[in-house]
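Student: could you work out the structure for the sequence below:
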Amino acid sequence: MPAALLPTLRTLLPTATIWDAAELASRDPGFDARNFGASALVRPRDVEGVATLVKFCAERGVSLVAQGGRTGLAGGAATSQGQLICDLGGLTQIEEIDPFARVAIVQAGVTLGALQEACAVQGLDPGIDLAARGSATVGGMASTNAGGIMAFRNGTMRHRVLGLEAVLPDGRVFSDLTRVLKTSAGYDLKHLFIGAEGTLGIVTRVAVRLDPVAGASATALVGVPDAASAQRIARHFLGSTSARLSAAEILWRNFASLMQRALGYAPGSLPLDAPCLLVLGLGADSIEAARSALEDGLAAVWEEAGILDGLVASSEAQAAAMWRLREETVEIERAHPMAPSFDVSVPVGGLDAYVARIEAGLKKIDASYAPYVYGHLADGNLHISINCDGPVAHERHAAIEGVLYAGLRDAGGSFSAEHGVGLEKRAAYERHADPVKRDLTKAIKGLIDPAGVMNPGKVVG
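Tutor: Residues are numbered from 1 along each chain as shown. Take a look at the predicted model:
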C-alpha cells in the first residue's frame with residue numbers, strides 16, 4: 001500500500017486514528033511482534049467508518065487485517081508490509097444490557113472484563129471467562145470462537161452469540177443482530193463469521209447471551225494422582241444442587257512446579273506436591289455457602305477420588321494465589337522464550353492416556369523434553385508447551401506436532417481447541433483437518449472474499 005494513499009484515508013475518515021509504519025514501530029504490538037508489521041493502522045469510530053475503510057481497501061486491492069486486543073496466540077492478527085490494520089479499539093460501546101431478556105448488545109472493541117463488570121451490576125454475566133479478560137475483545141473472541149474456563153458448562157463464544165453484525169469484504173454490512181434464542185429462518189449465517197478469524201469479514205457488533213451470576217464464589221486447590229481422579233471430583237460437584245461448579249482447571253506436576261518457582265511460592269504454602277493439581281471454582285448465594293459446599297463436597301468424595309491433599313481458600317488473597325498458578329502462564333515464555341506451544345482438545349475420558357502417550361513420544365524426539373501441560377479438565381482442552389528455548393527447526397516442529405496430534409481427529413478431538421488456526425497452525429490445518437471441510441472452506445472464502453483481501457494467509461491460506 002503506497003504511503004501516498006494515507007492522505008486520502010485521512011480525508012475519508014476524519015475522526016479515525018491513523019498511524020503510519022513509523023508510528024506503529026514505536027507502539028506495543030501485543031503478544032505477537034508481527035502484529036504491527038503493516039504499512040498503517042486505522043481505528044474507525046463506528047461501523048460506518050469500518051465499512052468506509054473496507055470499501056477503500058476493496059477498490060484498491062489492499063489487504064486488511066482486523067485487530068482487537070492483540071492477545072491471540074496463533075498469529076491470527078499478524079500483518080506485513082503493504083497491509084492495513086483495522087483496529088476495533090474505537091468501537092467500545094456497550095449499547096444495551098437487557099436484564100429481563102438477558103442479552104447485551106456490544107460493539108466489537110469492548111473488552112470481556114468491561115462487559116463482565118457492566119453485566120455484574122444487573123446480576124448477570126456473559127457466561128464466558130478467560131485469563132486475558134482485561135484485553136481480549138468481544139469481537140476478537142467471536143472471531144476466534146474463544147472458549148475459556150466456563151466452556152464445559154456454557155459453551156464457547158459460538159454458544160454465547162445470539163446475533164452479530166459484520167462488514168463484508170466489499171464494504172456491505174451484514175446485520176443479523178438476533179437477540180432471541182429460537183430462530184429457524186434458513187441458514188444461520190452468523191456462524192460463518194464466528195471462528196473465521198476475520199477472513200470473511202470484520203465483526204463490529206455482537207448480541208451476547210447472558211446468565212445469572214452467583215452471589216459469591218469459593219476456590220479450592222486439590223492434589224490428585226491423575227486426571228481420572230480430578231474428573232470424579234468434578235462430576236461430584238456438577239451434580240450438586242447447593243452450589244454451581246464454575247471452573248475445573250487441571251495442572252500437571254511439571255507445569256505446577258514451574259509456576260511455584262516462578263511465582264516464588266514458599267514450600268507448604270499451598271498443596272502443590274501431587275502428580276496433578278485441580279483448581280476448583282464454586283458459586284453459591286454467599287461466600288460461606290460456597291466454601292461450605294466445597295469443604296463438604298471434597299470430604300464426601302475424598303476417599304473415592306483418591307485425593308492426596310486439598311485446601312479451600314479462606315480469603316480472596318489465597319484464592320487469587322491459587323488462580324495465579326493457572327493464569328500467569330507468561331512465566332513459561334519467560335523461562336523458555338519462543339517455546340513451541342499447542343492447544344488441543346482431547347475426549348475427556350482419555351486425558352491420562354493422552355498425556356502419558358505424548359510424554360513418551362516427545363522423549364523419543366529429545367530425551368530432555370518434559371512438556372508443561374495444563375488446561376480445562378471438564379471439556380478436555382489441554383495447553384502444552386515444550387521445555388526448550390527458541391523456535392525449533394521446521395522438521396523438529398513437525399515431529400512434535402506428529403506426536404501431539406496423532407489420532408486426535410479419529411478420536412473426536414481437535415488439533416486446535418480455542419486459540420484458532422491463524423498462521424501458526426496453517427500447516428497442521430492442511431495435514432489434520434478433514435479434506436472435505438478444507439474444500440468447502442476454500443469455496444466459502446472464494447464466494448465471500450474472491451479478491452482475498454480479508455486477513456489473507458490465515459486459516460485457509
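Student: contacts for the strand or helix carrying Glu117, please.
Tutor: According to DSSP states H and E, Glu117 maps onto helix 112-120. Here helix 112-120 makes contact (C-beta atoms under 8 Å, 6 or more residues apart in numbering) with 92, 94, 97, 104, 106, 125-126, 128-130, 132-134, 136-138, 141, 208, 210, 213. Where you see a C-beta, it was placed from the backbone N, CA and C, and this is true even at glycine.
Student: how about it: buried residues?
Tutor: 112, 114-116, 118-119 (16 or more other C-beta atoms under 10 Å).
Student: nearest to Ile384 among those?
Tutor: Using C-beta to C-beta, Leu112 comes nearest to Ile384 of the buried residues of helix 112-120, at 24.1 Å.
Student: and that closest one, how far from Asp46?
Tutor: Distance of Leu112 to Asp46, computed by C-beta to C-beta, to the nearest Å: 21 Å.
Student: send me stretch 424-441 as CSV with only the CA atoms.
Tutor: The C-alpha coordinates for stretch 424-441 follow below in CSV (Å, rounded to 0.1, in the frame of the first residue of the first chain):
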residue,chain,number,x,y,z
GLU,A,424,0.9,-20.9,13.4
LYS,A,425,-1.4,-23.9,12.6
ARG,A,426,-1.8,-23.4,8.9
ALA,A,427,0.4,-26.5,8.1
ALA,A,428,-1.4,-28.5,10.8
TYR,A,429,-4.7,-27.5,9.3
GLU,A,430,-3.7,-28.8,5.9
ARG,A,431,-2.4,-32.1,7.4
HIS,A,432,-5.1,-32.8,10.1
ALA,A,433,-8.4,-31.1,9.1
ASP,A,434,-10.9,-33.1,7.1
PRO,A,435,-10.2,-32.7,3.4
VAL,A,436,-13.8,-32.1,2.5
LYS,A,437,-14.0,-29.4,5.2
ARG,A,438,-11.0,-27.8,3.7
ASP,A,439,-12.5,-27.8,0.2
LEU,A,440,-15.8,-26.3,1.5
THR,A,441,-13.9,-23.7,3.5
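Student: check what contacts it and list those residues.
Tutor: Under the criterion C-beta under 8 Å, 6+ apart, residues 73-75, 398, 401, 405, 408-409, 415-416, 421, 457-461 lie in contact with stretch 424-441.
Student: what do you get if the cut-off is 7 Å, keeping everything else the same?
Tutor: 74-75, 401, 405, 409, 415-416, 421, 459-461 (C-beta atoms under 7 Å, 6 or more residues apart in numbering).
Student: would JSON lines of those with distance to Thr178, neighbour count and pLDDT be doable?
Tutor: Converted to JSON lines, the contacts of stretch 424-441 look like this (distance: C-beta to C-beta, whole Å; neighbours: other C-beta atoms under 10 Å; pLDDT from 0 to 100):
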{"residue": "Ala74", "distance to Thr178": "29", "neighbour count": "23", "pLDDT": "91"}
{"residue": "Gly75", "distance to Thr178": "32", "neighbour count": "21", "pLDDT": "91"}
{"residue": "Glu401", "distance to Thr178": "38", "neighbour count": "18", "pLDDT": "95"}
{"residue": "Tyr405", "distance to Thr178": "36", "neighbour count": "20", "pLDDT": "96"}
{"residue": "Arg409", "distance to Thr178": "32", "neighbour count": "13", "pLDDT": "92"}
{"residue": "Phe415", "distance to Thr178": "31", "neighbour count": "21", "pLDDT": "94"}
{"residue": "Ser416", "distance to Thr178": "27", "neighbour count": "25", "pLDDT": "93"}
{"residue": "Val421", "distance to Thr178": "27", "neighbour count": "24", "pLDDT": "94"}
{"residue": "Val459", "distance to Thr178": "25", "neighbour count": "25", "pLDDT": "92"}
{"residue": "Val460", "distance to Thr178": "26", "neighbour count": "23", "pLDDT": "89"}
{"residue": "Gly461", "distance to Thr178": "31", "neighbour count": "16", "pLDDT": "70"}
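Student: would you list these in a markdown table and tack on distance to Ser184?
Tutor: Shown next, in a markdown table, are these (distance: C-beta to C-beta, whole Å):
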| residue | distance to Ser184 |
| --- | --- |
| Ala74 | 33 |
| Gly75 | 37 |
| Glu401 | 40 |
| Tyr405 | 36 |
| Arg409 | 30 |
| Phe415 | 32 |
| Ser416 | 30 |
| Val421 | 30 |
| Val459 | 28 |
| Val460 | 29 |
| Gly461 | 34 |
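Student: taking the residues you listed, tell me the two that lie furthest apart.
Tutor: Using C-beta to C-beta, those span at most 21.9 Å, a distance reached by Gly75 and Arg409.
Student: phi, psi of Ala427?
Tutor: Note on Ala427: backbone dihedrals following degrees, to the nearest 10 are phi -60, psi -40.
Student: residues touching Glu295, list them.
Tutor: Val312.
Student: what is the mean pLDDT for the helix or strand it falls within?
Tutor: In this structure, Glu295 sits in helix 287-305 according to DSSP H and E. For helix 287-305, mean pLDDT rounds to 96.
Student: any buried residues in that helix, and which?
Tutor: Neighbour counts using 16+ other C-beta under 10 Å place 287, 289-294, 297-298, 301, 305 of helix 287-305 among the buried residues.
Student: kindly report the same for stretch 253-267.
Tutor: Neighbour-count burial for stretch 253-267 flags 253-256, 258-260, 262, 265 (criterion: 16+ other C-beta under 10 Å).
Student: now do stretch 125-141
Tutor: Residues of stretch 125-141 classed as buried: 125-133, 135-141 (neighbour count, 16+ other C-beta under 10 Å).
Student: again with stretch 436-446
Tutor: 441, 445.
Student: try stretch 181-200
Tutor: 190, 192-200.
Student: repeat that for stretch 217-234.
Tutor: Buried residues in stretch 217-234, counted by 16+ other C-beta under 10 Å: 217-224, 226-231, 233-234.
Student: from those, which is closest to Asp343?
Tutor: Closest to Asp343 out of the buried residues of stretch 217-234 is Ala227 (17.2 Å), distances taken as C-beta to C-beta.
Student: contacting residues around that closest one?
Tutor: With C-beta under 7 Å, 6+ apart, Ala227 has these contacts: 250, 276, 351-352, 377.
Student: and Leu73, by the same measure?
Tutor: Residues counted as contacts of Leu73 (C-beta under 7 Å, 6+ apart) are 31, 419.
Student: so it, which state does it fall into?
Tutor: Under DSSP: H, G, I helix; E, B strand; the rest coil, Leu73 falls in the coil class.
Student: okay, it and Gly390: tell me how far apart.
Tutor: Counting by C-beta to C-beta, the gap from Leu73 to Gly390 is 17 Å.
Student: so what does the residue positioned nearest the centre of the chain look like in phi/psi?
Tutor: Among the residues of the chain, Ala146 comes closest to the average C-alpha position under C-alpha atoms, centre = their mean, at 4.0 Å. Backbone torsions for Ala146, taken as degrees, to the nearest 10, come to phi -60, psi 150.
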